[in-house]
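*Asks:* could you work out the structure for the sequence below:
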Amino acid sequence: MCCFILEMYKEAGLFDQIANSITEFTIKDAYTLKFFENNSNRMPKWCNGVDTVKLPYGQIRGKYRMELPGYNTMDPYPHMNERCPSLPPKYSRPKGC
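*Replies:* The predicted model follows:
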């Protein structure tokens, strides 16, 4: 699925000139990129309307709340995350990775 998302982002022109240099991609990479709306007032009311915790993104369905650490915080860069270590269960990365 991450390959599909990466190709969709590339085809949409979100990586511009660096598209050919981005080959490694994870689910976390997909949601941490600064490609998403950052003004919660512009999101539909149903995104967070019934939840007591206001998230920076809309969760359409589900019994459990999704947590997306680092959501919408990373600018894309050439060879993004190719040399970034990450270990389960938190998949922490050094700053700048």
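*Asks:* distance from stretch 14-34 to the middle of the chain?
*Replies:* Relative to its chain's centre, stretch 14-34 lies at 9 Å (CA atoms, centre = their mean, to the nearest Å).
*Asks:* residues touching that stretch, excluding its own?
*Replies:* Stretch 14-34 has contacts (CB atoms under 8 Å, 6 or more residues apart in numbering) with 1-3, 5-6, 9-10, 35, 68, 70-82, 91. Where you see a C-beta, it was placed from the backbone N, CA and C, and this is true even at glycine.
*Asks:* grab the longest helix from this structure for me.
*Replies:* helix 2-11 (DSSP state H).
*Asks:* give the other helices and strands that it contacts.
*Replies:* Contacting helix 2-11 under the criterion 3 or more CB pairs under 8 Å, 6 or more residues apart in numbering; DSSP states H and E are the following elements: helix 27-32.
*Asks:* now the helix it packs on: buried residues?
*Replies:* Residues of helix 27-32 classed as buried: K28, D29, A30, Y31, T32 (neighbour count, 16 or more other CB atoms under 10 Å).
*Asks:* same question, stretch 37-55
*Replies:* Buried residues in stretch 37-55, defined by neighbour count with 16+ other CB under 10 Å: M43, C47, N48, L55.
*Asks:* where is pLDDT lowest across these?
*Replies:* Of all these, N48 carries the smallest pLDDT score, 72.
*Asks:* contacts only, for that one.
*Replies:* N48 neighbours (CB under 8 Å, 6+ apart): S40, K54, L55, G58, Q59.
*Asks:* what about I22, how many neighbours?
*Replies:* Residue neighbour count, defined by other CB atoms under 10 Å, stands at 19 for I22.
*Asks:* shaky segments in the protein?
*Replies:* Within the chain, the set of residues satisfying pLDDT under 70 comprises 1, 96.
*Asks:* residue closest to the middle of it?
*Replies:* What sits nearest the mean C-alpha location of the chain, by CA atoms, centre = their mean, is Y31, with 1.0 Å.
*Asks:* quick check: that residue vs T52, distance?
*Replies:* 22 Å (CB to CB, to the nearest Å).
*Asks:* again with Y77
*Replies:* Y77 sits 36 Å away from T52, going by CB to CB.
*Asks:* do the same with I18
*Replies:* I18 is 40 Å from T52, by CB to CB.
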